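Trainee: prediction below, plus the sequence it came from.
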Amino acid sequence: MKIVFVANLKQIFYSGEGDALTRDGIINFPQLRKLRLPSGCNFFGPKHFTAQLPSLKVLSIHGHEELGDLLAQLQGLTNLREISITKCKGAQELMQVGSFGTNGRTGHKLSLLSLEELSLPDMRCIWKGLVLSHLTSLKVSRCEKLTHVFTGSMVASLVQLQSLHISDCEELEQIIAKDNDDEKDQILSGRELQSLCFPSLCQVDIRGCNKLRSLFPVAMASGLPKLEKLDVANSSQLLGVFWQDDDASPVNVEKQMVFPNLSFLRLYNLPSIVCFSLGCDDLSFPCLRNPRVDKCPKLTTQFARKSNGSTSAQSEVSQSSEDSSTSCSEPIKVD
C-alpha cells in the first residue's frame with residue numbers, strides 16, 4: 001500500500017454509522033507487507049480504532065504532525081523489519097512501554113526480529129523500558145539527535161543480537177548508556193560494566209559518529225565471544241574500541257584479551273584513537289590474518305603475525321606520537 005499526493009487526506013479508512021467493519025474498533029490487514037504514508041495523511045483511521053498488521057515488514061512515514069497517535073493505531077507488528085520515519089513531530093521516543101511494539105500478554109517484551117533500517121533525524125531515544133530478546137540485527141543511520149542506542153538493563157535481553165550497524169549519528173556519545181533519565185549521569189558503574197555482554201554479536205560496523213569516544217566499556221571485551229567482523233571509520237573523537245571514562249568505577253581488566261573468532265578488522269580515519277583497548281597491552285586474535293589500519297596517527301597498538309598464522313597486538317604507550325604516526329599512516333598488512 002502506497003499513498004501519495006494527498007495533501008488534504010485526513011484518514012485512509014472511514015466508515016459511516018452502523019458499518020459492521022468498525023464495530024469492534026479493529027481494522028484487519030492480515031496480508032499487508034508494506035505501508036508507506038507520506039505527508040498529508042494525519043491518521044490511518046479514526047483515532048479510537050486500531051489496525052492489526054501481523055504481516056507488515058516495511059513501514060515508511062514522512063511529514064506527520066502527530067506521529068505518536070499514528071503509531072498507537074498500528075498494532076501487531078510482529079514481523080516488522082524496516083522502519084523509515086522522517087520529518088515527523090512527536091518522534092523523540094519511538095518505542096516505549098505502553099505504546100509501539102509492546103504486547104500485553106508478555107509485558108514489556110518487544111517482538112521485533114530485525115530492524116534493517118532506522119532513519120530518524122529527530123530521534124533522541126529509540127526505545128525505553130523494553131525487552132528486545134528477539135532482536136537479531138539493527139541498522140541505525142542519520143539519527144542526528146540520538147545520544148545512545150541501548151541502556152545497560154536492555155543489554156541483558158539482547159542475547160540474539162548478531163549484527164550492529166551505526167552510521168552518521170553526529171550526537172551519539174555512547175552505544176550503551178546508564179538507565180537514568182539524567183542526561184548528565186549516563187556513566188555505568190563497575191558492577192554494571194562487569195555484567196554486560198553480547199553473546200551472539202558477530203558484526204559491528206560504526207562510521208561517521210564524531211562524538212563517540214569508544215564502542216564498548218573495557219570490561220565488556222570478554223563479552224563478545226562470537227565477534228567476527230569489526231569495522232570502525234570516520235569518527236574523529238574515538239579514543240579506543242574498548243575504553244573506560246575517567247569518572248567510571250575501576251574494573252578488573254584481563255592481562256590478555258582474546259578475540260577467538262575475529263577474522264576482519266579495519267580501523268580507518270580515526271585521528272584521536274590511542275589504543276585498541278585501554279588498560280590491556282596484550283591482545284590475541286587467533287583467526288585474524290590481515291588487520292587494516294589507516295589514518296590513525298595516534299594509535300599505539302601494533303599488530304604482528306605469529307608463526308602459527310594468528311595475529312597478536314601490543315600497545316606501546318610510551319611511544320611518541322611521531323613514531324606512532326609513522327607506523328600507522330599506511331594500511332597495515334601483516335605478512
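Mentor: Yep, it's here.
Trainee: right, and Leu224 touches Gln203 too?
Mentor: No: counting by CB atoms under 8 Å, Leu224 does not reach Gln203; the two are 11.0 Å apart. The way it works is simple: take the backbone N, C-alpha and C, and place the C-beta from them, glycine included.
Trainee: between those two, who's got more neighbours?
Mentor: Leu224 (25 against 16; other CB atoms under 10 Å).
Trainee: what sits against that one?
Mentor: With contacts defined as CB atoms under 8 Å, 6 or more residues apart in numbering, Leu224 is in contact with 197-198, 201, 216, 259.
Trainee: from these, which is closest to Val274?
Mentor: Closest approach to Val274 among the contacts of Leu224 (CB to CB): Phe216, at 15.7 Å.
Trainee: OK, contacts around that closest one?
Mentor: 175-176, 196, 224, 241-242.
Trainee: do Lys229 as well
Mentor: 202-205, 262-264.
Trainee: separation between it and Lys34?
Mentor: Computed as CB to CB, to the nearest Å, the Lys229 to Lys34 distance reads 30 Å.
Trainee: where in the stretch 51-200 of the chain is pLDDT low?
Mentor: 65-73, 78, 87, 89-117, 119-120, 122, 129-131, 180-195 (pLDDT under 70).
Trainee: show me where it has its strands.
Mentor: 58-62, 74-75, 82-86, 93-96, 114-119, 125-128, 137-141, 148-151, 163-167, 174-177 (DSSP state E, counting those that start in this stretch).
Trainee: would TSV of the ones you listed with distance to Asn269 be doable?
Mentor: Below are the strands of the stretch 51-200 of the chain laid out as TSV (distance: least, CB to CB, whole Å):
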stretch	distance to Asn269
strand 58-62	32
strand 74-75	40
strand 82-86	28
strand 93-96	30
strand 114-119	23
strand 125-128	26
strand 137-141	18
strand 148-151	22
strand 163-167	13
strand 174-177	19
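Trainee: a markdown table for those strands, including distance to Val274 and mean neighbour count?
Mentor: Formatted as a markdown table, the strands of the stretch 51-200 of the chain follow (distance: least, CB to CB, whole Å; neighbours: other CB atoms under 10 Å):
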| stretch | distance to Val274 | mean neighbour count |
| --- | --- | --- |
| strand 58-62 | 41 | 18 |
| strand 74-75 | 46 | 19 |
| strand 82-86 | 36 | 19 |
| strand 93-96 | 35 | 19 |
| strand 114-119 | 31 | 18 |
| strand 125-128 | 29 | 20 |
| strand 137-141 | 26 | 19 |
| strand 148-151 | 22 | 20 |
| strand 163-167 | 21 | 20 |
| strand 174-177 | 18 | 21 |
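Trainee: which of those sits closest to Cys287?
Mentor: Distance to Cys287, taken as CB to CB, is lowest for strand 163-167 among those, at 18.1 Å.
Trainee: nearest spatial neighbour of Gly25, chain-adjacent residues omitted?
Mentor: The shortest distance from Gly25 to any non-neighbouring residue, by CB to CB, 6 or more residues apart in numbering, is to Phe49 (5.2 Å).
Trainee: how about Ala313?
Mentor: In this structure, Ala313 finds its nearest non-sequential neighbour in Leu283, 4.0 Å apart by CB to CB, 6+ apart.
Trainee: from the contacts of Lys229, pick the one nearest Val149.
Mentor: Once CB to CB is applied, the member of the contacts of Lys229 that ends up nearest Val149 is Val204, at 11.6 Å.
Trainee: for that closest one, name its beta-bridge partners.
Mentor: Note on Val204: beta-bridge partners Leu164, Leu230, judged by DSSP bridges.
Trainee: for it, give its distance to Ser307.
Mentor: Distance from Val204 to Ser307, by CB to CB: 29 Å.
Trainee: circling back: does the residue nearest to Ala313 really touch Ser310, like I thought?
Mentor: No: at 11.0 Å, Leu283 and Ser310 do not qualify as touching, with contact defined as CB under 8 Å.
Trainee: compare the two (neighbour count), which wins?
Mentor: Leu283 (23 against 15).
Trainee: for the one helix or strand Gln314 maps to, buried residues please.
Mentor: With elements taken from DSSP states H and E, the one containing Gln314 is strand 311-315. Buried positions in strand 311-315, judged by neighbour count with 16 or more other CB atoms under 10 Å: 311-315.
Trainee: who does that strand touch, helix- and strand-wise?
Mentor: strand 275-277, strand 282-285, strand 301-305 (3 or more CB pairs under 8 Å, 6 or more residues apart in numbering; DSSP states H and E).
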